[in-house]
Each structure stands twice: as structure tokens, then as C-alpha cells.
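Peer 1: Following is a predicted model, sequence given first.
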Amino acid sequence: MATIVDITEEKSLEVRNFEFTYAGADEASIKTLNMPIAKNNITALIGPSGCGKTTLLRSFNRMHDLYPGNEYAGEILFKNKNILTKNEDLINLRIQIGMIFQKPTAFPMSIFDNVAYGMRLQGIKNRTELKDRVEKALKDAAIFNEVKDRLKHDANGLSGGQQQRLCIARAVAVEPEVLLFDEPTSALDPISTSGIEELIVELREQVSIIIVTHNMQQAARVSDYTGFMYMGELIELGRTEELFVTPKEKLTEEYITGKFG
Amino acid sequence: MTQTKKRIIINKIIMTLSALSALLGIGFLLWILTILVTNGLDALSLTIFTEEGSPPGYEDSGLKHALIGQLYIVSYATFFGVPLGVLAGTYLSEYAGKSKIAESVRDISDIMMSAPSIVIGAFVYAIVVAPMGHFSGWAGSIALTIIMLPIILRTTDDMLQLVPSTLREAAFALGAPKYKVIVQVVYRGAKAGILTGILLGVARVAGETAPLLFTSFNDNFLNTDMSEPMASLTVTMYNYATSPYEDWQKLGWAAAFILSMFILSLNILGRLFIMKKKGK
């Protein structure tokens, strides 16, 4: 059984007896996983490749539903409601639980239109409101000063780090409750990486954050809680400073000291 | 002889052979263009655009009827072929994926692309011309639509598949419904490629003669009624060029010149789109 620390804060999400099986797979990729996610905190998911951390992350906004045949079991509670049911409104869910991807995913349109995209989907047409909220989102993502003179320019002209911050701006613009980060810095240089890390820490005030990372130092630097996953199971969830200094599980200790993975 | 020397010599031989083959190809193309341009420019005059066809020997004869007929037939073919092709390509790439139906549609379109166009003409003759009892502009447009369809369908399918799936996921992750993901994000990402496919498809059918011989046939005078036989540059060119009259042959050259320039500019435009996309 996994060692799971008691979370004193309010919970934003709660995973209960969760199982996930990819289409056509004989075996479940995630097996009976239980995990609380603290509100307005940063939870990092670490573990060796193939341990299921990205699979778990993509379950929170039901990204797996884009490809047929994938199967969920168990529950993920969000606002006291299981989001894994068949009749869950996925559009509404994804507005509340946003996602940042490994590679920047700037849409082929202007910087302004990128950030306004999610708001326009929600039917916001008022120009002043759009302009104000785009500006606020760009400021929140610490990119406003760099792009304020070229909001009408193609977003693909930005550097990788800028594009990633633009994607963060686009995600926070719709004011989600939870933001999922899937290895958001693995395609970026060290300077852009530290910029994104600072940003993630600041965003904690507004949203609950779950971040999947290959980089243990990154997890230690940015997160409040860290979950260590191995072979589709959660081995240990603890406060980050405790998990990295005094891990309770032998597997966790072996992984963070570099004995495998 | 050492290995290195041998390798260098073989390298030179292959290079010379391939350069010669390339030159031969380009040489023929330039030869065709030169003859076309000299004869075509010679035959070109203002009356070509203002006068209709007339019996041999008349001073004022032109290609107005063929130009306008061509425009009608190709425009209607484009009007039908582009939405059908783009939508079918969208279905293949965005909805059907790698399913059996999708793969067989892809295979069938590949076969249709290399099908002799005269066969398509004969097919449309059987299903449209024969029941109607006479040739018509509509039949011509339908034949060209059928030829254009697989080209646009396949390029749309290919170009949409080149759009990275993470871009789609990012749009879904913001709460976009599927049709908005396709129209607002995926189409934008593939815009240049799809437009190129459309231009090349139009260019391809604009030069077709065989399927029109069976369908829209010909008319020596201006006709804008699509349910009647209609002149086209290609069929007119074929008739005039094979006639024994020198002034008709001249008109044939003019038709060939105008048609080639039209197709050439469509092709250049298509390449420019591709270059612009790559340059980004």
C-alpha cells in the first residue's frame, strides 16, 4: 500500500480506486490508485518513464477520450462530483481544468487571438472585455512586456519559451480552477525553464497545479507535494521537503537517490 | 586502381548521367514553350477575346465562346469539386483516421487519380449525356469534378495529417468542440497546403480535353446555358488544330497559348504557397 500523507488543506481533486486501460492493452496502465490533490498547491508527479504519471495527468481533463477505446474505472472527484462518468460535460470540465503541454502549442493565429481563443469559445465577444482579459492573462504569464507591441503578429514568430508562456496565458485567461502541466519545460533552454518555474509558483495563488516532470530537481524546486509513481501505482505522496529528505518508502528512496529510473 | 579513385569516377559518371537526363527533360519543356510562345503570340490579337468562332476564311474570328465556355465549365467543376474534396479529406483525416473505410477511400482515390480521363468522360456520357439525350456544359463540369475530386481529397487529407496532434489536443484542452478545433485551428494550420491542392486540382482539370469531348462537346458560338453543348478552349483547340484551314490552326495556337499560360500561372501560384509555408 502506498504511503499517503494527510493533506491539511482543502482538496481540489481526489482520485479514488482509479484504474486506466489504454485501447487494446491487456493490462491496466494505472492500477487502483488513490490520491488527494491539495487546493492552491503545486503537486508534482515524478517517476521513471512509463510509470503512468502522464497517463494520470491526462485523465484529469479526460484527454484520453479523444482517442477511442480507452477505459477508466474508479472515481476522480472534482467539486464533490465524479468526473469519469459517461455523461460528464467534457467541454465544461476542460474549461475548469486547463492543460499545458510538453511542446508549446501556439495556434497558427495572432498572439492576441491565441490568448482570446478560450474566452471566445465561451462566447465572450465584447472587445473591451476581451482586450482587458487578454492583457491580464499576458501579465499573469509574465510575457506582456515582451509582446505588447506585437499582439497582432503571428504567435509562431515567438521563441519556444515565449510560446510556452503564451500557452500558459491562454490557459489562465479562462480562469480555470486547476492547471495540468505535462513536462512543460522539457523542450526549453535553462533560462526559459527557470522563467516558467517562477511563473508556476506564482500561479499557485490562483489555481491548483499538478505538474508531471522528469526532472526531480524541478519537482523539489517548485512543488508543495510530490507523488512518486512506479509501474502504474502511486508509491508515496508526501510534502515535497519531506519526501526528498526522508522518504517513507524504500522504492522512493532508491529512485530519488538515482539507484534506478 | 584504389577504392577511392574508383568511387570518385563512379560518382562523376552518375552525376553526368543524371545531369544530362535533367537537361534533356528541361530542354524538351523549353522547346515546347518556345514553339508555343512564338506561334501563340503570333496568333494573339484583340479579336481573339472579342469575337466568336466563324467559318474558315472570315477575318473576324475569335475564341470568346471558348474562353467563356471554359470559364463556365471549370468554375462549376471547382464550385462542386472543392467543397466535396475538402470535406471528404477532412472526414478521412479528422474522423475516420486509419479505419478500413478510410484506407479504402484513400486507395480508391489514388487509383482514380491515375485513371485515364477519357474513361471518366465515357462514364459521364453514360450517366448524364445519354439519359439527357444531348451534350451539355453540366456534363462537362461533372466530368471535371470527378477528375478533380481525388486530387483535392488526398492533398487535404495529407495536409491535415501534417498538423501536429498536440495542436488539436491544446484546442480541446481549452474546451473547444470538435468542429471548432477543425475549422479554427486545424484548417488554419494546413491552409497553405490545402490551397495548393485546390490550385493544382483546378490546373489539372483546366487542361483536360478527352472527358469534355464526350460531355460538353463543342459549340462554335457563345453559349452560357449549361444545359446545352458548350465550347471549351481544349476542345476548340483540338478541332482547330486538326482542321486543314490555316486561320483556324492559328486560332488553335492562340487557344493553346492562353490555356498554357493560365495553367502555368496556377502552378506557379501553387508553388508560391508551398514556398511561403516552408519559409515560415
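Peer 2: Looks like it arrived, so ask away.

Peer 1: In the stretch 1-150 of chain A, what residue spans correspond to helices?
Peer 2: Using DSSP state H, counting those that start in this stretch, the helices of the stretch 1-150 of chain A run over A:53-60, A:90-96, A:111-121, A:127-140, A:144-147.

Peer 1: Which strands and helices lie in contact with the shortest one?
Peer 2: Right, the one you point to is helix A:144-147. Under the contact definition 3 or more CB pairs under 8 Å, 6 or more residues apart in numbering or on different chains; DSSP states H and E, helix A:144-147 sits against helix A:127-140, helix A:160-173. The C-beta positions use only the backbone N, C-alpha and C, and glycine is treated the same way.

Peer 1: wait, which of the ones you listed is closest to A:Asn40?
Peer 2: Among these, the nearest to A:Asn40 by CB to CB is helix A:160-173 (13.9 Å).

Peer 1: Kindly report the residues of the stretch 151-261 of chain A close to chain B.
Peer 2: A:156, A:167, A:170-171, A:174 (CB under 8 Å from any CB of the partner chain).

Peer 1: picking that back up, any chance of the helices and strands packed on helix A:144-147 in TSV, plus mean neighbour count and distance to B:Ile26?
Peer 2: Shown next, in TSV, are these (neighbours: other CB atoms under 10 Å in any protein chain shown; distance: least, CB to CB, whole Å):
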stretch	mean neighbour count	distance to B:Ile26
helix A:127-140	16	52
helix A:160-173	25	42
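
Peer 1: Let's have these in TSV, adding distance to B:Thr4.
Peer 2: Shown next, in TSV, are those (distance: least, CB to CB, whole Å):
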stretch	distance to B:Thr4
helix A:127-140	60
helix A:160-173	44
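
Peer 1: Make TSV out of these and add mean pLDDT and distance to A:Ile209.
Peer 2: As requested, these are exported to TSV (pLDDT from 0 to 100; distance: least, CB to CB, whole Å):
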stretch	mean pLDDT	distance to A:Ile209
helix A:127-140	93	13
helix A:160-173	93	11
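
Peer 1: Of all those, which one is nearest B:Asp219?
Peer 2: Closest to B:Asp219 of the helices and strands packed on helix A:144-147, according to CB to CB: helix A:127-140, at 54.4 Å.

Peer 1: can you list the weak-confidence ranges in the stretch 151-261 of chain A?
Peer 2: Within the stretch 151-261 of chain A, the ranges that satisfy pLDDT under 70 run A:261.

Peer 1: one more time with 80, if that's ok
Peer 2: Where the stretch 151-261 of chain A drops to pLDDT under 80, the residues are A:260-261.

Peer 1: For chain B, give me its nearest residue in the stretch 101-250 of chain A.
Peer 2: The nearest approach of the stretch 101-250 of chain A to chain B comes at A:Thr105, 3.6 Å away (CB to the nearest CB).

Peer 1: check contacts around the nearest residue to that residue once chain neighbours are set aside.
Peer 2: Leaving out its chain neighbours, the residue that sits closest to A:Thr105 by CB to CB, 6 or more residues apart in numbering or on different chains is B:Ala170, at 3.6 Å. By CB atoms under 8 Å, 6 or more residues apart in numbering or on different chains, B:Ala170 lies in contact with A:99, A:101, A:105, A:107, A:167, B:185.

Peer 1: repeat for A:Glu75
Peer 2: Taking CB under 8 Å, 6+ apart, we find A:Glu75 in contact with A:14-18, A:82, A:84.

Peer 1: Please identify which of those residues is nearest to chain B.
Peer 2: Ranked by distance to chain B (CB to the nearest CB), those are led by A:Leu84 at 17.1 Å.

Peer 1: of all of the stretch 1-150 of chain B, which residue lies closest to chain A?
Peer 2: At 8.9 Å from chain A, B:Gly97 is the closest residue in the stretch 1-150 of chain B, using CB to the nearest CB.

Peer 1: So what touches stretch B:226-233?
Peer 2: B:53, B:63, B:65-67, B:69-70, B:72-73, B:76, B:132, B:134-138, B:140-141, B:212, B:216-223, B:255, B:258-259.

Peer 1: In that stretch, which residues are buried?
Peer 2: Within stretch B:226-233, the residues scored as buried using 16 or more other CB atoms under 10 Å in any protein chain shown are B:226, B:229-233.

Peer 1: possible to save these as TSV with pLDDT?
Peer 2: Output for the buried residues of stretch B:226-233, formatted as TSV (pLDDT from 0 to 100):
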residue	pLDDT
B:Met226	93
B:Pro229	93
B:Met230	94
B:Ala231	93
B:Ser232	94
B:Leu233	93
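
Peer 1: Between all of these, which two are separated the most?
Peer 2: Using CB to CB, the pair of the buried residues of stretch B:226-233 lying farthest apart is B:Met226 and B:Leu233, separated by 16.7 Å.

Peer 1: The helix or strand containing B:Arg154 packs against which elements?
Peer 2: Using DSSP states H and E, B:Arg154 falls within helix B:137-162. Applying 3+ CB pairs under 8 Å, 6+ apart, one finds that helix B:137-162 contacts helix B:64-90, helix B:100-114, helix B:117-124, helix B:187-206, helix B:210-213.

Peer 1: mind showing which ranges of the stretch 1-150 of chain A have poor pLDDT?
Peer 2: Along the stretch 1-150 of chain A, segments meeting pLDDT under 80 span A:1.

Peer 1: re the thing from before, quickly compare the helices and strands packed on helix B:137-162 and say which is most buried.
Peer 2: With neighbours taken as mean count of other CB atoms under 10 Å in any protein chain shown, the helices and strands packed on helix B:137-162 reach their highest mean count in helix B:210-213, at a mean of 25.

Peer 1: Summarise which helices and strands that one is packed against.
Peer 2: For helix B:210-213, the elements it packs on are helix B:117-124, helix B:137-162, helix B:233-241, judged by 3+ CB pairs under 8 Å, 6+ apart.

Peer 1: any idea how far A:Gly195 is from A:Ile143?
Peer 2: To A:Ile143, A:Gly195 is 9 Å away according to CB to CB, to the nearest Å.

Peer 1: sorry, back to before: point out the one among the helices and strands packed on helix B:137-162 that comes closest to B:Leu264.
Peer 2: Smallest distance to B:Leu264 across the helices and strands packed on helix B:137-162 (CB to CB): 8.5 Å, for helix B:187-206.
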